Structure formats: structure tokens, C-alpha cells
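Trainee: predicted model, plus sequence, below.
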Amino acid sequence: MRAFTQHNGVAAPLFRDNIDTDAIIPSREMKTVSKSGLAAGLFAPWRYLDAQTRTPNTDFVLNKPSYKSASILIAGHNFGCGSSREHAAWALAEFGFRAILAHSFGAIFKNNAIRNGILPIELKWPDLEAIAEWVAANPAENTISIDLDAQSVSAGPLGSTDFGIDPEAKLMLLHGLDEIGLTERFSAEIEAFEKKDMLVRPWNYLKAT
């Protein structure tokens, strides 16, 4: 997993509530079980006038020149609600998004984002609204800076805003670790336990014949 420490990037304002996983990546766009090949279907219902021919909707934020290189997404309440499909996080990551600013997230999506190297940042509503308005008003110079270690977001003249994050999620992102990687950090302790346990319960370690 790609680590997240600090990031400076263009932010795209998709300031809507309850953006569900079917809007992020519709089921008809899920033609692969791998993490690649999904970016083209990201936000397909809104991004295209005709999803079959990929006719772009020029009014959609990600089709506007100022936001085509966006790596930060700004949404409203309850981003990523709906189904548990991890494809939503895969599509966002493949498109190039490294962080999402929102007031709240669907619980399963939030976990999926973290394990795919995307930082979900929950902000207080006044702070989030101010950032979204500034980004929308300054499309040519809306670079946002995120420091995960300091847990801060900086947006132009608005200054720095702090955010909270679960300590384990922070550790995973800072070091680019998934759940397996977190467990492997304790390999020495696990091996020591197994050696002791093998003396107490040797039958648990018998190999099938």
C-alpha cells in the first residue's frame, strides 16, 4: 500500500451529501476483480452524458480543466454510504485521489479507503464548508496541503484546520501498511509465543499426514 505522510494537491469540490458507492462506481462499471481498470467508470452517472459512449458531461467538476488533475475530493455528509464494494476505493485511488474531505463517511467505505492508501478526513461542518467555497471560488489556485503526522489541512488564506483520526488507521497510512503488514510488525512476538505454546500444546502443531 502506498504510504501517506504529506500531500499537496488540487482539490475538486463535489459538495454533495450521501454520495453512495453506486454513484462512485456503478455495478455496470465493475468489470474486473482487480484494482485496475476502474478509473474510467468513476462517477460515471455524473461524469458522462452517455456512459456507453463516454460522452463527457462538461458541467461535471472532474471534466473541467481546472480540476482534471485533482488528487483531493471535497464532499459533504455521509460520503461512501450504500454498499460495501471496495471497488469504490479502488476507482478513486486509480483516478489519483489521495484524500477526501467530508463531514462524515460510510463506515465500510472509510475502512476500505484507508486500506487502499486514501486518507478520509472528517472536518467540522463550518470548516469544511469554508474550504469547499474557497476551492470553488479559486479553481486556478486551490492547492490544499495535508500533513497526516500533524493531522492538519491547510487551504490558502483559510489557514490550518486540525482533524482527528484513529491511531491505528494513522499508523497504517503513514507506513503504507495493510492489516497483514500491521500483524507482521509483531513477527518476533508471534514466533516467541508459538515456541512456548508448542511446548504446552504440541498437538496443535502436528502436521497432517
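Mentor: In hand now; what should we look at?
Trainee: any stretches of the chain with poor pLDDT?
Mentor: Counting by pLDDT under 70, the chain shows low-confidence ranges at 181, 208-209.
Trainee: who does the longest strand that the chain contains touch, helix- and strand-wise?
Mentor: Counting by DSSP state E, the longest strand found in the chain is strand 6-13. In terms of contacts (3 or more Cβ pairs under 8 Å, 6 or more residues apart in numbering; DSSP states H and E), strand 6-13 is packed against strand 72-74, strand 99-102, helix 125-137, strand 143-147. Yep, even glycine has a C-beta here, placed from its N, CA and C like the rest.
Trainee: change it to 10 Å
Mentor: Packed against strand 6-13 by the contact rule (3 or more Cβ pairs under 10 Å, 6 or more residues apart in numbering; DSSP states H and E) you find strand 72-74, strand 99-102, helix 125-137, strand 143-147, strand 152-155.
Trainee: and the residue lying closest to Ser71 once chain neighbours are set aside, what does it touch?
Mentor: Using Cβ to Cβ, 6 or more residues apart in numbering and skipping the chain neighbours, the partner closest in space to Ser71 is Gly9 (3.5 Å). By Cβ atoms under 10 Å, 6 or more residues apart in numbering, Gly9 lies in contact with 69-72, 96-99, 142-146.
Trainee: same question for Ile121.
Mentor: With Cβ under 10 Å, 6+ apart, Ile121 has these contacts: 72, 74, 99-102, 105, 128, 146, 148, 151-153, 161, 163-165.
Trainee: I'd guessed Arg59 sits against Trp46; true?
Mentor: No Arg there; residue 59 is Asp. Yes. Between Asp59 and Trp46 a contact is recorded at 9.0 Å, counting by Cβ atoms under 10 Å.
Trainee: from the contacts of Ile121, keep the buried residues only.
Mentor: Buried subset of the contacts of Ile121 (neighbour count, 16 or more other Cβ atoms under 10 Å): 72, 74, 99-102, 105, 128, 146, 148, 152-153, 161, 163, 165.
Trainee: now stretch 102-115: buried residues?
Mentor: In stretch 102-115, counting by 16+ other Cβ under 10 Å, buried: 102-106, 108-115.
Trainee: wait, which of the helices and strands packed on strand 6-13 is closest to Leu173?
Mentor: Proximity to Leu173 (Cβ to Cβ) singles out strand 99-102 among those, at 9.8 Å.
Trainee: ok, the closest one: who's next to it in the sheet?
Mentor: strand 72-74 (parallel), strand 119-122 (parallel) (DSSP bridges).
Trainee: Phe186 is nearest to which of those strands?
Mentor: strand 119-122 (24.4 Å).
Trainee: now do the buried residues in the closest one.
Mentor: Result for strand 119-122 [16+ other Cβ under 10 Å]: buried residues Leu119, Pro120, Ile121, Glu122.
Trainee: going by distance to Ile24, which of the residues you listed wins?
Mentor: Pro120 (13.0 Å).
Trainee: rewinding a little: which stretch among the helices and strands packed on strand 6-13 comes nearest Leu177?
Mentor: Smallest distance to Leu177 across the helices and strands packed on strand 6-13 (Cβ to Cβ): 17.7 Å, for strand 99-102.
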